[in-house]
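Novice: After the sequence you'll find the predicted model.
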Amino acid sequence: MPRPTAGRVLKVDPERPAPEAIAEAARVLRAGGLVAFPTETVYGLGADALSAEAVARIYAAKGRPADNPLIVHVGDPEEVWRVAREVPPLARRLMERFWPGPLTLVLPRSPVVPLATTGGLDTVAVRMPSHPVALALVREAGTPVAAPSANRSGRPSPTRAEHVLEDLGEAVDLVLDGGPCPVGVESTVVDVTGPVPVVLRPGGLPREAIEEALGRSVQVGAGPELARRSPGTRYRHYAPSAPLVIASTNELAAVVSGLLSQGKSVGLLAMHDPGIRHERLRARIVEGGLRAYAHELFDALRALDREGCQVIVAEAVEERGLGLAVMDRLRRAAASR
Ligand code: TXA
Ligand code: MG
């Protein structure tokens with residue numbers, strides 16, 4: 001099959017995507033091409049998870065280190081058996097409760113999944129997305145779909161089709177534009193290969209919900225042990241070009257004024273308006289609580305960058321519910337320079 005023209009965009013209704021658009025995108029995937037598509041968390045850059053050649057194109061397009069494994073997306077819970085050689089009872093409980101949704105499970109890899117997909121690991125990360133476009137696409141493709149976030153490696157994850165084009169443009173064969181992603185931060189990655197579930201990456205499904213479902217506490221990975229088990233956490237992440245400073249609600253006004261008085265142009269991402277007006281201040285005040293803050297996070301980092309801010313100040317949030325994922329992303333963005 002001839003490769004479709006690079007960089008094409010198809011607009012789709014996020015609730016009821018046109019079957020022709022989905023069929024077209026599924027054809028591209030089956031032919032070994034790359035399709036960017038919306039999920040409930042962020043946009044994914046999809047390829048046939050069972051084809052080492054197709055997957056190699058993902059790494060090349062993103063500039064992603066070869067040992068950083070991909071998440072494999074399935075269209076049905078039963079499909080987990082195609083990609084995992086074992087599904088422990090704990091994993092089954094979580095699947096029943098939270099799939100489809102923003103939960104990724106790390107399981108023992110089935111030999112049909114190439115090592116290229118899992119970054120050389122003998123485990124595979126699997127998730128069933130709930131976004132109607134993602135679900136329809138994975139089902140129509142008829143093959144599990146490997147999809148990391150559709151950004152250049154190191155950049156904030158894309159929550160709109162424009163972000164995908166900004167970062168990857170011509171490297172993608174087709175972009176399904178289904179509008180902004182509802183959650184705005186990536187899925188929660190949980191390693192269920194051992195006796196105690198370990199959260200390798202906090203995300204759109206709160207840790208508290210997992211603990212409630214299992215009736216036990218889960219570990220949240222940290223330090224060198226996390227770096228060993230979750231290769232992705234080793235790399236530079238979520239970084240706007242401008243340095244990022246995290247400030248508590250109480251410090252916000254002082255930190256922003258201080259930077260302005262140094263003559264800097266300042267970007268601000270906050271839930272509470274510190275009430276400062278200045279020609280060198282670009283403020284993104286997000287109303288609507290933590291959900292809205294998570295939803296806006298990556299878009300705001302990209303926008304403030306584009307507007308030429310020399311430093312970005314982000315308001316810290318409590319590390320509860322979605323707040324754990326938000327603070328994880330902010331800390332990585334702040335640390336990565
Ligand atoms: O919400 C999401 O998860 C999005 C959408 C597109 O589904 N995908 C996503 O993929 O965020 P990516 O590649 O940006 O992040 C995947 C994370 C990385 O931190 C990676 O290291 C980890 O999952 N991961 C993947 N496979 C793994 C494995 N076998 N063992 C441990 N960690 C794994
Ligand atoms: Mg990513």
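Specialist: On my side now, so go ahead. Ligands and ions are numbered 1, 2, ... in the order given.

Novice: okay, CA-based contacts and neighbour counts for the rest of this
Specialist: Fine.

Novice: Ligand 1 contacts on the protein?
Specialist: Contact residues (C-alpha under 6 Å from any ligand atom) of the chain with ligand 1: 41-44, 68-71, 106, 118, 121, 123-125, 147-149, 186-187, 229-233.

Novice: Could you list which of the residues you listed belong to helices?
Specialist: R229 (DSSP state H).

Novice: Produce a PyMOL select command limited to the buried residues of the residues of the chain next to ligand 1.
Specialist: Buried residues within the residues of the chain next to ligand 1, by 16 or more other C-alpha atoms under 10 Å, are selected in PyMOL with:
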select buried, resi 41+42+43+44+68+69+70+71+106+118+121+123+124+125+147+148+149+186+187+230+231+232+233
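
Novice: for the stretch 51-200 of the chain, what spans make up the strands?
Specialist: Per DSSP state E, counting those that start in this stretch, the stretch 51-200 of the chain carries strands over the ranges 71-73, 103-108, 123-127, 145-146, 174-177, 188-191, 198-201.

Novice: Which one of those lies nearest to V164?
Specialist: Of all the strands of the stretch 51-200 of the chain, it is strand 174-177 that lies closest to V164, at 8.1 Å by C-alpha to C-alpha.

Novice: what separates that closest one from the chain centre, distance-wise?
Specialist: Offset of strand 174-177 from its chain centre (C-alpha atoms, centre = their mean, to the nearest Å): 17 Å.

Novice: Okay, now the sheet partners of it, with direction.
Specialist: Counting by DSSP bridges, the strands paired with strand 174-177 are strand 8-11 (parallel), strand 35-38 (parallel).

Novice: Could the C-alpha coordinates of the first one be exported in PDB?
Specialist: Think strand 8-11. Only the C-alpha atoms of strand 8-11 are listed here, as PDB (Å, rounded to 0.1, in the frame of the first residue of the first chain):
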ATOM      1  CA  ARG A   8      -2.500  15.100   7.000                       C
ATOM      2  CA  VAL A   9      -5.100  16.100   9.500                       C
ATOM      3  CA  LEU A  10      -8.600  14.700   9.700                       C
ATOM      4  CA  LYS A  11     -11.100  16.500  12.100                       C
END
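
Novice: neighbouring contacts of it?
Specialist: Residues outside strand 8-11 that contact it (C-alpha atoms under 8 Å, 6 or more residues apart in numbering): A21, V172, D173, L174, V175, L176, D177, G178.

Novice: Give the rounded mean pLDDT of the very next helix or strand once past it.
Specialist: Next in sequence after strand 8-11, counting helices and strands by DSSP states H and E, comes helix 19-30. Averaging pLDDT along helix 19-30 gives 98.

Novice: Looking at the contacts of strand 8-11, spot the one nearest P14.
Specialist: Nearest to P14 out of the contacts of strand 8-11 is G178 (C-alpha to C-alpha; 4.8 Å).

Novice: burial measure for the closest one, as a count.
Specialist: For G178, the count of nearby residues is 24 (other C-alpha atoms under 10 Å).

Novice: Does A239 touch S153 like I think?
Specialist: No. If you go by C-alpha atoms under 8 Å, A239 and S153 don't touch, sitting 9.7 Å apart.

Novice: Next, the buried residues of the helix or strand bottoming out on mean pLDDT in the chain.
Specialist: Here the helix or strand of the chain ranked lowest by mean pLDDT, DSSP states H and E is helix 223-229, holding a mean of 75. For helix 223-229, the buried set under the neighbour-count rule, 16+ other C-alpha under 10 Å, comprises L226.

Novice: Contact partners for V192?
Specialist: So V192 contacts P88, L90, A91, L105, V106, L107, V198 (C-alpha under 8 Å, 6+ apart).

Novice: Any chance of CSV for those residues, columns pLDDT?
Specialist: Formatted as CSV, the contacts of V192 follow (pLDDT from 0 to 100):
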residue, pLDDT
P88, 96
L90, 94
A91, 97
L105, 98
V106, 98
L107, 98
V198, 95
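
Novice: Out of those residues, flag the one nearest to ligand 1.
Specialist: Nearest to ligand 1 out of the contacts of V192 is V106 (C-alpha to the nearest ligand atom; 5.5 Å).

Novice: now the stretch 101-250 of the chain, which segments are flagged as low pLDDT?
Specialist: 234-236 (pLDDT under 70).

Novice: Pick out the residue nearest the middle of this structure.
Specialist: For the chain, E186 is the residue whose C-alpha lies nearest the centre (C-alpha atoms, centre = their mean; 3.2 Å).

Novice: Which stretch among the strands paired with strand 174-177 is buried most, on average?
Specialist: strand 35-38 (a mean of 30; mean count of other C-alpha atoms under 10 Å).

Novice: Show the average pLDDT along it.
Specialist: 98.

Novice: Pull out the buried residues from the longest helix along the chain.
Specialist: Determined from DSSP H, the single longest helix within the chain is helix 289-306. For helix 289-306, burial by neighbour count (16+ other C-alpha under 10 Å) applies to 290-291, 293-305.
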